[in-house]
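Colleague: no sequence on this one, just coordinates:
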């Protein structure tokens, strides 16, 4: 805000007034400070610059948001978050013992993925899905993953397939636990590791997203593909059988197993 006006002569004098010179030593200090600032802007090391503390609050917030997002995804898979139900940020925040902000941020991410939809002034509604959408997701996954797996079966050496054995066995252990969320994570890790051999991270990202969507509960709370412990174990053993065929280089068996796996995909 301007504080008063000056006459034209005063204005002219102030406009062309020579800036006062800094005292002896002050100029050097300012010059050094300016050089340090310029060097810092270029990412250079400058002597005497203050050591900034690590931005721990921002990292912690990001970590909390990630943990909440993971917990909400698990709740979706297990059916704790039921299709058609509306959940508010404050209620979920109290449930997970965090503030409402990371919950809202996580729910916004799920809204972008299509798992929930925003209900103004109320919260988020879990999207209701039917068997048709599940079948469409399985078809899209097959269109993407089957050709890639068959191509990899012809090009990837046996020792690299053998390196995936721990992931395949992890799916069997996860299935034996009967926990759908645990199995979903192990299953996604195995499929992602297989596709990663193609060297295409965009492919892996798209496939992971489709896999995650295929795990969401159906309308009425039903699990995709039934989701019983026996069904999970049968699905997991398809991984180990497929890996055995890939290691052996038996393309006919690989083609059959891959087709069966995705025809019964969750």
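Modeller: Received the coordinates, thanks. A quick note: this is a predicted structure, and the numbers were derived from the prediction, not measured.
Colleague: when you work out contacts or count neighbours from here on, use the C-alpha atoms and nothing else.
Modeller: OK.
Colleague: show me what counts as buried in whichever helix or strand residue 204 is part of.
Modeller: For residue 204, the enclosing helix or strand under DSSP states H and E is helix 201-214. For helix 201-214, burial by neighbour count (16 or more other CA atoms under 10 Å) applies to 203, 204, 207, 208, 211, 212, 213, 214.
Colleague: pLDDT of that helix, averaged?
Modeller: What helix 201-214 shows for mean pLDDT is 93.
Colleague: one step back: so which of the buried residues of helix 201-214 comes closest to residue 69?
Modeller: residue 212 (12.9 Å; CA to CA).
Colleague: how close does the closest one sit to residue 205?
Modeller: 11 Å (CA to CA, to the nearest Å).
Colleague: could you do residue 67 as well?
Modeller: From residue 67 across to residue 205, the span is 20 Å (CA to CA).
Colleague: same check, this time on residue 112
Modeller: Taking CA to CA, one finds residue 112 at 15 Å from residue 205.
Colleague: please apply the same query to residue 169.
Modeller: 23 Å.
Colleague: with residue 110 instead?
Modeller: 16 Å.
Colleague: so the residue nearest to residue 216 when sequence neighbours are not counted is in which element?
Modeller: Leaving aside its sequence neighbours, residue 216 sits nearest to residue 77 (CA to CA, 6 or more residues apart in numbering; 5.3 Å). Element membership of residue 77 [criterion: DSSP H and E] is helix 56-78.
Colleague: before we move on, which element is residue 121 in?
Modeller: Remark: residue 121 resides in no helix or strand, with elements defined by DSSP H and E.
Colleague: around it, how many other residues sit close by?
Modeller: For residue 121, the count of nearby residues is 7 (other CA atoms under 10 Å).
Colleague: how about it, phi and psi?
Modeller: phi 70, psi 10 (degrees, to the nearest 10).
Colleague: need the pLDDT of it.
Modeller: On the pLDDT scale, residue 121 is placed at 88.
Colleague: could you do residue 89 as well?
Modeller: 91.
Colleague: quick revisit: and the contacts of the helix holding residue 204?
Modeller: 115, 134, 137-138, 141, 144-145, 184, 188, 192, 195-196, 224, 266 (CA atoms under 8 Å, 6 or more residues apart in numbering).
Colleague: quick check, nearest of these to residue 153?
Modeller: Checking those against residue 153 by CA to CA gives residue 195 as the nearest, at 11.1 Å.
Colleague: what separation do you get for the closest one and residue 136?
Modeller: From residue 195 over to residue 136 the distance is 20 Å, taken as CA to CA.
Colleague: just residue 262 next, same as before
Modeller: Applying CA to CA, the value for residue 262 to residue 136 is 11 Å.
Colleague: these two: who's more crowded?
Modeller: residue 262 (17 against 12).
Colleague: okay, the more buried one and residue 152: tell me how far apart.
Modeller: Separation of residue 262 from residue 152 (CA to CA): 17 Å.
Colleague: do residue 246 as well
Modeller: Residue 246 sits 9 Å away from residue 152 when distances are taken as CA to CA.
Colleague: who has more neighbours out of these two?
Modeller: Using other CA under 10 Å, the more surrounded residue of residue 246 and residue 152 is residue 246, with 25 against 17.
Colleague: right, and the helix or strand after the helix or strand where that one lies?
Modeller: For residue 246, the element it lies in under DSSP H and E is helix 229-248. Proceeding N to C from helix 229-248, the next assigned helix or strand is helix 251-263, under DSSP H and E.
Colleague: can you give me the strands in the stretch 101-250 of the chain?
Modeller: With DSSP state E, counting those that start in this stretch as the criterion, the stretch 101-250 of the chain has strands at 116-119, 123-126.
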